[in-house]
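Asker: Mind folding the following:
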Amino acid sequence: MCISPEALEAIREAYVACVGFMTASIAHEIEAAIKDGMFPEVVIDAIQQTGNAPRPSPYYLRTILRRWRRDGILNADQLAADKEKHEQRSTPPWWKSNPALRYEQRPINNDESLFTDLSAYLKRRKSDEKPEASSL
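Answerer: Numbers count the residues shown, from 1 in each chain. Take a look at the predicted model:
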């Protein structure tokens, strides 16, 4: 696959902006991905995903590129399909999967004792606090 110098420069700029200094080993990995037919837009997307990682590194990018080549993700359409498939099978966020936070799943009995009337309690408390006569 023939790639334009502008596309190569865009890949290099994306890498430097997202990850840092480009080493020879990651340059060879990107070159191998392009030789296997991966489009520059897909390589740039992999670089951006690497930049969004908690600890961006050339090894993270290498893993993404190798997985995409193994799975045959070479163009933007295949990448979009893979992202959609990944979103469908991914686990929900912790606040949706934590049963303690899902109030709609908690059974609530129709027991009126759960909702006490505080005004009756306060009236009773006030009646218990009768002013004492001072003994002077």
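
Asker: where does this protein dip in pLDDT?
Answerer: Scanning the chain for pLDDT under 70 picks out the ranges 1, 90-122, 130-136.

Asker: Where do the strands of it begin and end?
Answerer: Secondary structure of the chain (DSSP state E): no strands located.

Asker: Okay, residue 4 and residue 59: tell me how far apart.
Answerer: 28 Å (Cβ to Cβ, to the nearest Å). (C-beta placed from N, C-alpha, C; glycine too.)

Asker: Among these two, which residue is more densely surrounded?
Answerer: When residue 4 and residue 59 are compared for neighbours, residue 59 comes out ahead with 13 against 9, by other Cβ atoms under 10 Å.

Asker: Would you map the helices across the chain?
Answerer: Assigned by DSSP state H, the chain shows helices spanning 5-18, 24-35, 40-51, 58-71, 76-89, 94-97, 118-128.

Asker: Only the buried residues of the second one, if you could.
Answerer: Spelled out, it's helix 24-35. Buried residues in helix 24-35, counted by 16 or more other Cβ atoms under 10 Å: 26, 29, 30, 33, 34.

Asker: neighbours of residue 38, just the number please.
Answerer: 23.
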